[in-house]
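Student: sequence first, then the predicted structure:
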Amino acid sequence: MASKQVQRYSILTSGLAAVLTAALCCVTADRARAQGTTPALTDASLVVRPFVTGLTQPTGVAFMSPNDFFVIEKSTGQVKRVLNGAVRSTVLDLAVNSASERGLLGIALDPDFVHNHLVYLYWTNRAPVPSDPTFPSEREGSDVPETGADSTDILAVPLLGNRVDRFVWNGSTLEFQRNLIKLHAFQNDGAPIPPNQGDQGQPPAGNHNAGVLRFGPDGNLYVIIGDNGRRGKLQNLPSGPTATGLGPTVPDDQFGGPDPDDAHFTGVILRLDRNGNAPVDNPFYQTGASMIGLAGTVQSQVGRNIQKIFAYGLRNSFGVTFDPISGDLWMTENGDDSFDEINRVEAGFNSGWPQIMGPVGRLQQYKMIETTNAPVALQQLRWPPSRIADTAAEALARLFMLPGARFHDPEFSWRWAVAPAAIGFLNSSALGAQYAGDMFVGGSTPNPMGGPLFRFDLSANRQQLAPTDTRLADRVADNTAKFDITESESLVFGTNFGIITDIQTGPNGNLFVLSLSNGTLYEIARR
């Protein structure tokens, strides 16, 4: 059971973050309730059926063939092999820290998996509990990952506890091959240093780890990590958590910043080659190269990190996917209380967090909701919502823009948070020609629809969403309260899926939907 500090912190989070924090504190009861609810579809010509059941907080699926695939479990750290509709074996058991939103979070097969059998995993490794709660017991875990017993202690994690590792499938187990990258994980910012930041009452946290892995059509690996509560340059605060984000530079936290050194390399989508290196055509590769070796160890570290960035300024996400037709990258992004987003992500994209959420023309609504809806906080006490700009021009001027970076409004947003999660495309006509190429976005409880599954048509050039409801012509669902789906009714494709953590087109062309809270992989097919 989480500590009282963690329970207090859970009410500061929002969207899917709050859902997961609450769900994971009482997972047995939640799963019992969820399993008593049956998903339903709005199209009577389709059917949804359980394909695999009895999973423990599943977060991702990777198909090797129609009847042979991997499923990963957040809290157990286990990779399960499913053969002919049943779990056949546990092929890897990592020693995860699964507190809050940590754990085994992402899986991807190498594009040449049929020949090289390589599998990539994003996960949070455990560490000993620190003697000083404001400093972790380890900077990072060993390159060779630990297996076995897990931890739910919010402090039992290295500073760089999120990681991406590569394994080889030998036909019966996953064998470790190499670590690609280690990323920030430890969050306990109520430290006496730096002084006078107003965060002395900030309890420890373990959220905004994101964790989805996807290979792009270019053969590179895309990795997303949420902001992990940092407030530095990659969160559009060039001077750190100061009153306006401008002025004299101050440290982000007890580990330094606000430059994106290893301890502040968060809120980004990374683009890596298969060995974890930065491709030379990354949008900020040359900017990073100019910093390496010129200003000491930290600046070289910052330069190498900047070279790996594809997009930044992100709060958190549980959904990243590529359009199989256009090749474009799409993601869901969770707001706090307001303006969950769906974004088409171009190279060099700055999503604007926390200066901007939703369309920049709606900035006053963003500030109004975040400064009046209790509890009034944007997760981090050292940058409260009262610091949101008063005008769109002011917010845009505050953005930290790397050379070549670009900001644009989301393709779709909800005025009040509905907690979107997984995102995927149907890359077939198996459900009917009207669904081929459509985008599907998973919601999550406590939405009254029990975790809706939304469906979006795309424009002819596939660069925008094309809802038919005239109320959505502005690409904003003006719902009336948190988790309300007013103006989204025409988008609902299914209900009662719980917390949807993955959406994929299976090798047979059907749509597969993975539910963390229901412990089930569902298949949607023609009746």
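Tutor: Thanks, I have the structure now.
Student: mind listing what's buried in stretch 176-186?
Tutor: 176, 179-186 (16 or more other CB atoms under 10 Å). Just so you know, the C-beta spots here come from the backbone N, C-alpha and C atoms, and that holds for glycine as well.
Student: mind naming the longest strand for this protein?
Tutor: strand 174-183 (DSSP state E).
Student: packing partners for the helix or strand following that one?
Tutor: Later in the chain than strand 174-183, the nearest helix or strand by DSSP states H and E is strand 213-215. With contacts taken as 3 or more CB pairs under 8 Å, 6 or more residues apart in numbering; DSSP states H and E, strand 213-215 sits against strand 104-109, strand 118-124, strand 221-225, strand 319-322.
Student: okay, and for this structure, where does confidence drop off?
Tutor: For the chain, residues meeting the criterion pLDDT under 70 lie at 1-36, 245, 294-296.
Student: let me see the ranges of the helices in it.
Tutor: With DSSP state H, the ranges of helices along the chain come out as 4-10, 15-25, 27-35, 113-116, 285-289, 296-307, 363-372, 392-398.
Student: got a list of contacts for the longest strand of the chain?
Tutor: 79, 91-92, 118-120, 140-141, 143-145, 158, 160-168, 221, 223, 225, 262, 265-266, 270, 272, 275-276, 308 (CB atoms under 8 Å, 6 or more residues apart in numbering).
Student: out of those residues, which end up buried?
Tutor: 79, 91-92, 118-120, 140-141, 145, 158, 160-167, 221, 223, 225, 262, 265-266, 270, 272, 276, 308.
Student: contacting residues for the residue nearest to Tyr285 when sequence neighbours are not counted?
Tutor: For Tyr285, ignoring the flanking residues on the chain, the nearest one in space by CB to CB, 6 or more residues apart in numbering is Gln307 at 4.8 Å. Taking CB under 8 Å, 6+ apart, we find Gln307 in contact with 278, 282, 284-285, 287-289.
Student: what's the answer for Thr371, then?
Tutor: Under the criterion of CB under 8 Å, 6+ apart, the contact list for Thr371 reads 385-386, 388.
Student: let's go with 6 Å and repeat that
Tutor: 385-386 (CB atoms under 6 Å, 6 or more residues apart in numbering).
Student: for Val79, same thing?
Tutor: Remark: with contacts taken as CB under 6 Å, 6+ apart, Val79 is in contact with 70, 72, 91-92.
Student: pull the most distant pair out of those.
Tutor: With distance counted by CB to CB, no two of these lie farther apart than Ile72 and Val91, which are 10.3 Å apart.
Student: distance of the closest residue to Val492 other than its chain neighbours relative to Ala44?
Tutor: With sequence-adjacent residues excluded and distances taken as CB to CB, 6+ apart, Val492 is closest to Pro452, at 5.2 Å. When CB to CB, to the nearest Å is applied, the distance between Pro452 and Ala44 equals 17 Å.
Student: of these two, which one has the most company?
Tutor: The residue with more neighbours, out of Pro452 and Ala44, is Pro452; 28 against 7, by other CB atoms under 10 Å.
Student: thinking again about what came up before, identify the farthest-apart pair in the contacts of Gln307.
Tutor: Every pair of the contacts of Gln307 checked by CB to CB; the farthest is Ala278 and Thr287, at 11.4 Å.
Student: what about Ser351, neighbour count?
Tutor: Ser351, neighbours per other CB under 10 Å, totals 25.
Student: that one and Asn305, how far apart?
Tutor: Summarising the geometry, the distance separating Ser351 from Asn305, computed by CB to CB, is 18 Å.
Student: how many other residues sit next to the residue nearest to Thr53 when sequence neighbours are not counted?
Tutor: Distances taken as CB to CB, 6+ apart place Thr520 nearest to Thr53, at 4.9 Å, with adjacent residues excluded. When neighbours are defined as other CB under 10 Å, Thr520 has 23 of them.
Student: in the sheet, who's paired with Thr520?
Tutor: Ser515 (DSSP bridges).
Student: for the one 5 residues further on, same thing?
Tutor: Beta-bridge partners of Ala525, counted by DSSP bridges, are Val47.
Student: isn't it up against Asn510?
Tutor: Yes: taking CB atoms under 6 Å as the definition, Ala525 is a contact partner of Asn510 at 4.6 Å.
Student: any residues in contact with both of these two?
Tutor: Overlap between the contact sets of Ala525 and Asn510, as judged by CB under 6 Å, 6+ apart, is nil.
Student: more neighbours: the two, which one.
Tutor: Under the neighbour definition other CB under 10 Å, Ala525 and Asn510 were set side by side, and Asn510 has more, 21 against 17.
Student: how close does the more buried one sit to Leu46?
Tutor: As defined by CB to CB, Asn510 lies at a distance of 10 Å from Leu46.
Student: next: Asn179.
Tutor: When Asn179 is compared with Leu46 (using CB to CB), they lie 42 Å apart.
Student: what about the strands in the stretch 351-500 of the chain?
Tutor: Assigned by DSSP state E, counting those that start in this stretch, the stretch 351-500 of the chain shows strands spanning 412-416, 423-425, 439-442, 453-456, 476-477, 492-495, 500-505.
Student: and for the shortest one, what are the contacting residues?
Tutor: Meaning strand 476-477. Everything outside strand 476-477 that qualifies as a contact, by CB under 6 Å, 6+ apart, is 413-414, 487-488.
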